[in-house]
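Engineer: Return a 3D structure for these sequence lines:
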Amino acid sequence: MSHNCWQYPVLNFATARLGVVLVPVNFMLTGGEIGYILDDCAADAFVVEDALVPVAEKALAESKGSVRVRATIPLGDAATPDGWRRASLAVAGAIGLLCLVAIVRKYSTPDVQQATARRSTVAV
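Structural biologist: Sure thing, here's the model as predicted:
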């Protein structure tokens, strides 16, 4: 979830390279609407522009809690809030990789591990 910025396409390509499903979220939605999207897509990670963290916090409070990784896209000089990671170009791919690891650990059978290793969901 972010405004137009050059970091968004970088994250888009990083998630595509990892085979992670990217779910764009409109920054003009309310916390409840975003929470519904997070639950509906079973997002493992939520990446937001640092200025949109307050709305993201409301969305996470409204959701059922499937998000394991929270990261901010640093567009301003704001400090990274507690419980959030500060994403950069170097770690954009690592966020997707963390999502994949979290999903694979969630399941125990080799067939499911192989299937889920190819797909995870990141809401941006």
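
Engineer: And for Phe27, nearest residue in space, chain neighbours not counted?
Structural biologist: With CB to CB, 6 or more residues apart in numbering as the criterion, Phe27 has its nearest non-adjacent residue at 5.2 Å, and that residue is Met1. Just so you know, the C-beta spots here come from the backbone N, C-alpha and C atoms, and that holds for glycine as well.

Engineer: Isn't Glu62 up against Val55?
Structural biologist: No: in this structure, Glu62 is not within contact of Val55 by CB atoms under 8 Å, at 10.7 Å.

Engineer: And the two? Which one has more around it.
Structural biologist: Using other CB atoms under 10 Å as the criterion, Glu62 and Val55 rank with Val55 on top: 19 against 16.

Engineer: I'd say that one and Phe27 touch.
Structural biologist: Yes: the criterion here is CB under 8 Å, and Val55 meets it with Phe27 at 7.5 Å.

Engineer: any residues in contact with both of the two?
Structural biologist: Common neighbours of Val55 and Phe27, counting by CB atoms under 8 Å, 6 or more residues apart in numbering, are Met1.

Engineer: where does this structure have low pLDDT?
Structural biologist: Per-residue confidence for the chain (pLDDT under 70) gives these ranges: 88-124.

Engineer: Name whatever forms a beta bridge with the residue positioned nearest the centre of it.
Structural biologist: Nearest to the geometric centre of the chain sits Phe46, at 2.5 Å (CA atoms, centre = their mean). Beta-bridge partners of Phe46, counted by DSSP bridges, are Arg70, Ala123.

Engineer: can you start the count at 305 instead of 1 from here on
Structural biologist: Okay, residue one is now 305; in that scheme the one you just asked about reads as Phe350.

Engineer: wouldn't it be in contact with Leu364 here?
Structural biologist: Yes: taking CB under 8 Å as the definition, Phe350 is a contact partner of Leu364 at 7.0 Å.

Engineer: can you list residues touching both of the two?
Structural biologist: What both Phe350 and Leu364 touch, as defined by CB under 8 Å, 6+ apart, is the set 342, 371, 374.

Engineer: Most neighbours out of those residues, which is it?
Structural biologist: Going by other CB under 10 Å, Leu342 tops the shared contacts of Phe350 and Leu364 with 25 neighbours.

Engineer: I am finished for the moment; much appreciated.
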